[in-house]
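S.K.: Model the following, please.
(one chain, ligands or ions: 1)
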Amino acid sequence: MKHLIHPVNIPRKLALRHKKPVANSTKAWENFKYTKAVQDSLLPAQKNLCSYCEIELVRGEGNIGYHIEHIEPKSMRPSRTFDFSNLLISCFDSGYEISSSTLAPNPISCGHAKKSQFDPQLFIKPTDQNCESYFHYELDGRITPHPNLTVNQASKAEYTINLLNLNCRRLKRARYDMILEGQEIVNDLLDNPSALSDFAELELEEFNNKHQSFLTTRRQYFQVFLPI
Ligand SMILES: [Zn+2]
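M.R.: Predicted structure coming up:
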């Protein structure tokens, strides 16, 4: 989970709507016509990655797409339906909801797995400054609570991982493939420090406001090879 800092400039139509009361949050959100401006603001801030699982956000044929997600579900906190700091972009198009079974080819994760279940005391938000420190990435692609956490912190990490289904087969496999491929390159370059640091830079740098998928996993494995 990569830390998300919201842009300072709140999309104008969103800010205006946030000033008005919200009676039925689902209906009010459906009727809001300016979601594109919200997406256009958040996608660069997120470096084009899902705020929860960190896959690249891509729409179109063969891609799972993305949607605007309410961190605190709007059904629970209608007053935050149009609160910019409560919004982020999560993978999966709205309506593209499939089984969360670990056997499904594209198991659902992130905002659509979370839905309206939400314990604010346990959930780790991408907008929490220290969110990245809660998670660790195993060689087999699993995301786990970081070994340095206290028991209470670890239970928060566990809760968040399970609620977002971050260890579904699809995500675990994609992380595993990335780690394996990277480690093979690292092994080939071990006697060439300059090529190795070039590789690490390419893994972790952003291009055109975009990062590669699984940035915090890449950091855990490849940041050590960056030039000092
Ligand atoms: Zn995601």
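S.K.: Need the phi and psi values for the residue located most distally from the centre of the chain.
M.R.: Ranked by distance from the centre of the chain (C-alpha atoms, centre = their mean), the top residue is Asp191, with 34.7 Å. Backbone geometry at Asp191, expressed as degrees, to the nearest 10, gives phi -100, psi 20.
S.K.: and what of Lys210?
M.R.: With angles defined as degrees, to the nearest 10, Lys210 sits at phi -130, psi 140.
S.K.: Now for it, how many residues are close by?
M.R.: Neighbour count of Lys210, defined by other C-beta atoms under 10 Å: 15. (Each C-beta comes from the backbone N, C-alpha and C, glycine too.)
S.K.: Pretty sure it sits against Glu56.
M.R.: Yes: with contacts counted by C-beta atoms under 8 Å, Lys210 reaches Glu56, the gap being 7.5 Å.
S.K.: Overlap in contacts, those two.
M.R.: Asn48 (C-beta atoms under 8 Å, 6 or more residues apart in numbering).
S.K.: for the lowest-mean-pLDDT helix or strand in the chain, the distance to its chain's centre please.
M.R.: Counting by mean pLDDT, DSSP states H and E, the chain has its least confident helix or strand at helix 111-114, which shows a mean of 88. Remark: helix 111-114 is offset 11 Å from the chain centroid, using C-alpha atoms, centre = their mean, to the nearest Å.
S.K.: Which positions within the lengthiest helix in the chain qualify as buried?
M.R.: When the chain is parsed with DSSP state H, its longest helix is helix 169-189. Of all the residues in helix 169-189, those buried under the rule 16 or more other C-beta atoms under 10 Å are 169-172, 174-176, 178-179, 182, 186, 189.
S.K.: do the same with stretch 50-65
M.R.: Neighbour-count burial for stretch 50-65, with 16+ other C-beta under 10 Å as criterion, is recorded at 50-57, 64.
S.K.: okay, those in TSV with distance to Ser90 next?
M.R.: Shown next, in TSV, are those (distance: C-beta to C-beta, whole Å):
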residue	distance to Ser90
Cys50	5
Ser51	6
Tyr52	6
Cys53	8
Glu54	11
Ile55	10
Glu56	13
Leu57	9
Ile64	10
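S.K.: and Ile143, what are its phi and psi?
M.R.: The phi/psi pair for Ile143 (degrees, to the nearest 10) is phi -100, psi 130.
S.K.: repeat for the one 5 residues further on
M.R.: Asn148 adopts backbone torsions of phi -80, psi 0, taken as degrees, to the nearest 10.
S.K.: Give me the distance between it and the ion.
M.R.: Counting by C-beta to the ion, to the nearest Å, the separation of Asn148 from the ion is 25 Å.
S.K.: Could you check the pLDDT of that residue?
M.R.: On pLDDT, Asn148 comes in at 97.
S.K.: what number of residues lie near Pro227?
M.R.: 10.
S.K.: Ok, Asn48 next?
M.R.: 21.
S.K.: which residue packs closest to it, ignoring adjacent ones?
M.R.: Excluding its sequence neighbours, the residue lying closest to Asn48 (C-beta to C-beta, 6 or more residues apart in numbering) is Lys210, at 4.2 Å.
S.K.: check contacts around that neighbour.
M.R.: 47-48, 56.
S.K.: Adding distance to the ion and pLDDT, write those out as CSV.
M.R.: Formatted as CSV, the contacts of Lys210 follow (distance: C-beta to the ion, whole Å; pLDDT from 0 to 100):
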residue, distance to the ion, pLDDT
Lys47, 14, 98
Asn48, 12, 98
Glu56, 10, 96
